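# mind folding the following:
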Amino acid sequence: GIPMSTTATAAAIPLSDFKLRENFEKGRVELQLRGKVVFSSGEYRLTATHAQQKYGLSDDDLMALYADYKEDYDNASE
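Numbering: from 1, shown residues only. Now for the predicted structure:
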């Protein structure tokens, strides 16, 4: 069979189910999974690190999430 690794379970969740969002009211960066906030922190880096550790996201995954986050952030702060 396929050896189980920490990323095997995480890979079951498509990247498109994750979003990083700035909550301007609370001043927090949220990790959202299918629209539900699963983690939030006052720092982007902490939220990103949590996403990597808990869900096994790669650096490339984080870059993709960041690009989407930044686009949303720029649109929201205009």
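# do I have it right that Arg28 meets Val37?
No - checked against Cβ atoms under 8 Å, the pair Arg28 and Val37 is beyond contact range at 9.0 Å. Bear in mind the C-beta positions are built from the backbone N, C-alpha and C, glycine included.
# between the two, which is the more surrounded one?
Under the neighbour definition other Cβ atoms under 10 Å, Arg28 and Val37 were set side by side, and Arg28 has more, 18 against 13.
# so Val29 makes contact with His50?
No - Val29 lies out of contact with His50 (Cβ under 8 Å); the separation is 10.0 Å.
# shared neighbours of these two, which are they?
Counting by Cβ atoms under 8 Å, 6 or more residues apart in numbering, the common neighbours of Val29 and His50 are Ser41.
# out of these two, which sits in the more crowded spot?
Val29 (21 against 16).
# am I right that the more buried one falls within a helix?
No - using DSSP: H, G, I helix; E, B strand; the rest coil, the assignment for Val29 is strand, not a helix.
# quick one: pLDDT of it?
Looking at Val29, its pLDDT is 97.
# now the strands for the protein?
With strands called from DSSP state E, the chain shows them at 18-23, 28-33, 36-41.
# just the C-alphas of the second one, formatted as PDB.
Output in PDB follows, covering the C-alpha atoms of strand 28-33 (Å, rounded to 0.1, in the frame of the first residue of the first chain):
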ATOM      1  CA  ARG A  28      -6.400  39.300  12.700                       C
ATOM      2  CA  VAL A  29      -5.300  37.100   9.900                       C
ATOM      3  CA  GLU A  30      -7.600  34.100   9.500                       C
ATOM      4  CA  LEU A  31      -7.100  30.700   8.100                       C
ATOM      5  CA  GLN A  32     -10.400  29.600   6.600                       C
ATOM      6  CA  LEU A  33     -11.300  26.100   5.600                       C
END
